[in-house]
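S.K.: Predicted model follows, preceded by the sequence.
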Amino acid sequence: MAKIVPFKAVRPTRDKVSLVTSRSYEEYTPAELASQLDYNPFSFLHILNPAYVNLHKISTATRFKGVQLKYQEFKEEDVFKKEPNPVFFLYEIQSKNNTFTGIIAGTSIEDYKNNVIKKHEDTLAYRVELFKDYLHQTGFNTEPVLITYPQNNELQQWIDKRKQKRPLYLFSSLNKDKHTIWRIKEDEEIQWVQEQFEKMGNLYIADGHHRSASAEMLYDQDKDSGNTNLNHFMSFLICETNLKIYEYNRIVNDLNGLTKHAFLKALEKDFTIVNKDQELWKPKQKYQFGMYLDGDFYALTLKNTNFNSVMDGLDAQILYTKVLNPLLGIGDLRNDERIAYIPGSKPVTAIKEMVDGGDFEVGFMLYPASINEIKELADNNLIMPPKSTYIEPKFRSGLVVYEI
């Protein structure tokens, strides 16, 4: 039984929402970041980067304090307002190719601890600790955990009907996506939505494993403070059929001392290889892999597809056990500097350009994992290899704030 709760959200005023919200901080190039910080005084990026005007490096603790002070400044200047009562939000992101709709709510630390909310990715201890300190020092979070739930026809009918009402926000972002938010504040409606989630057996984290782990660590650290906001963390809950799951493709610096001929010969042990020449080829089904090497694209098809577990049969794991580790000498997928990752949302030409540029010698394209594979891994307490999935939608920073 999954428990979700409304919360007293902090959000931008209606007239400033399109100016305040931003993409994730890491997605901006230095030039884009400078432009936003120079010309948009309302951008949430000013909160995330409070030392920008000082143009010098500061300690982590000083930066976190600066984030907290800048956030308070935005509130004092009425850029943000706080809901007087706990609410849910219904949020739709409409891009050129996809439309995503989900519910913004608080999800339970207790459910997370008891594996009602299930995980499929590992976390790095230092990143969990760092974000826990960030939450503790700043007192807020604006990056919800992306959580998926099973298909629920009643809930979907309610969403479709609720979207016919007047929204709280309707705005477009600079990447031409359209964003619409409806506020759910009526007690009966909130209770009905909660009851729908109580009927569900499990929820699954799609993206945000470090954020949820940090929320748990903060709860363990500060639970005796009496702060009940620590009992939950903000999540964006979306139906599993509405997720867009991309692969993470791999590029490697070198062939680990092998010649091109020797490498192709070694691949023939496990794969049927077809040279696609200049065709921008991507895998069309599971157990197929694309490869770009020395100006040509190749289609690699796995010969033996009998596996004892879902982990062994995961395409990202197959590439590691059959190619990256034994042939190219890649041991630690997370830390080896010879390998880099490109999300499947980017075109194949991005891999071609990076290999042709000379910094990398070979690129591999994978077929994306399915939601059923992700859930089966989570159900069996198995962890995906690093950088196995790139999942949309992505949430805008500064759109909804959960205060701790």
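M.R.: Done, it's in. Numbers count the residues shown, from 1 in each chain.
S.K.: Can you report how many residues neighbour residue 130?
M.R.: A total of 15 residues lie near residue 130 under the criterion other Cβ atoms under 10 Å. Bear in mind the C-beta positions are built from the backbone N, C-alpha and C, glycine included.
S.K.: Go ahead and list the helix or strand containing it.
M.R.: Residue 130 is located in helix 125-138, with elements delineated by DSSP states H and E.
S.K.: for residue 317, same thing?
M.R.: Taking DSSP H and E as the definition, one finds residue 317 inside helix 315-319.
S.K.: Could you list the alpha-carbon positions for that helix in PDB?
M.R.: Listed next in PDB are the C-alpha coordinates belonging to helix 315-319 (Å, rounded to 0.1, in the frame of the first residue of the first chain):
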ATOM      1  CA  ASP A 315      21.600  -5.400 -23.000                       C
ATOM      2  CA  ALA A 316      23.800  -3.000 -21.000                       C
ATOM      3  CA  GLN A 317      25.100  -6.000 -19.000                       C
ATOM      4  CA  ILE A 318      25.600  -8.100 -22.100                       C
ATOM      5  CA  LEU A 319      27.800  -5.400 -23.700                       C
END
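S.K.: buried ones in the helix or strand following that helix?
M.R.: Using DSSP H and E, the helix or strand that directly follows helix 315-319 along the chain is strand 339-343. Buried residues in strand 339-343, counting neighbours by 16 or more other Cβ atoms under 10 Å, are found at 339, 340, 342.
S.K.: Stretch 72-80 now?
M.R.: For stretch 72-80, using 16+ other Cβ under 10 Å, the buried residues are 74, 75, 79, 80.
S.K.: what pLDDT, on average, does the longest helix seen in the chain get?
M.R.: Determined from DSSP state H, the single longest helix within the chain is helix 60-76. For helix 60-76, mean pLDDT rounds to 94.
S.K.: For the helix or strand just after it, which outside residues touch it?
M.R.: Taking DSSP H and E as the definition, the helix or strand that follows helix 60-76 towards the C-terminus is strand 80-82. Among residues not part of strand 80-82, those counted as contacts by Cβ atoms under 8 Å, 6 or more residues apart in numbering are 8, 9, 10, 11, 12, 13, 20, 74, 75, 401, 403.
S.K.: cool, stretch 294-306 as well?
M.R.: In contact with stretch 294-306 (Cβ under 8 Å, 6+ apart) are residues 260, 267, 270-281, 283, 287-292, 313, 318, 322, 356.
S.K.: from these, which ones fall inside helices?
M.R.: For these, membership in helices holds for 260, 267, 318, 356, with DSSP H as the criterion.
S.K.: among the residues you listed, who's most crowded?
M.R.: residue 318 (22 neighbours).
S.K.: Would you mind measuring from that residue to residue 345?
M.R.: Distance of residue 318 to residue 345, computed by Cβ to Cβ, to the nearest Å: 22 Å.
S.K.: Same question for residue 274.
M.R.: As for residue 274, its distance to residue 345 is 26 Å (criterion: Cβ to Cβ).
S.K.: again with residue 248
M.R.: Remark: distance between residue 248 and residue 345 (Cβ to Cβ) = 10 Å.
S.K.: got any residues that touch both of those two?
M.R.: Between them, residue 248 and residue 345 share these contacting residues under Cβ under 8 Å, 6+ apart: residue 390.
S.K.: on that earlier part again, which of the contacts of stretch 294-306 are buried, as a ChimeraX select command?
M.R.: Only the buried entries of the contacts of stretch 294-306 go into this ChimeraX selection, using 16+ other Cβ under 10 Å:
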select :267,270,271,281,283,287,288,289,290,291,292,313,318,322
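S.K.: In strands, which of the contacts of stretch 294-306 fall?
M.R.: In strands, judged by DSSP state E, the following of the contacts of stretch 294-306 are found: 271, 272, 273, 274, 275, 276, 277, 288, 289, 290, 291, 292.
S.K.: Residue 314 and residue 369 touch, don't they?
M.R.: Yes. Counting by Cβ atoms under 8 Å, residue 314 does reach residue 369; the two are 6.5 Å apart.
S.K.: residues making contact with the lowest-mean-pLDDT helix or strand in the chain?
M.R.: For the chain, the helix or strand with the lowest mean confidence is helix 30-39, at a mean of 88 (criterion: mean pLDDT, DSSP states H and E). Applying Cβ under 8 Å, 6+ apart, the set of residues contacting helix 30-39 from outside is 22, 25, 28, 43, 45, 46, 49, 52.
S.K.: Return every residue with contacts to both of residue 314 and residue 369.
M.R.: The contact sets of residue 314 and residue 369 overlap at 384, 388 (Cβ under 8 Å, 6+ apart).
S.K.: The most centrally placed residue in the chain and residue 246, how far apart?
M.R.: Among the residues of the chain, the smallest C-alpha distance to the mean C-alpha position (Cα atoms, centre = their mean) belongs to residue 207, namely 3.9 Å. When distances are taken as Cβ to Cβ, residue 207 and residue 246 turn out to be 11 Å apart.
S.K.: all helices for the stretch 101-250 of the chain, in order.
M.R.: Taking DSSP state H, counting those that start in this stretch as the criterion, the stretch 101-250 of the chain contains helices spanning 109-113, 125-138, 153-162, 187-198, 209-222.
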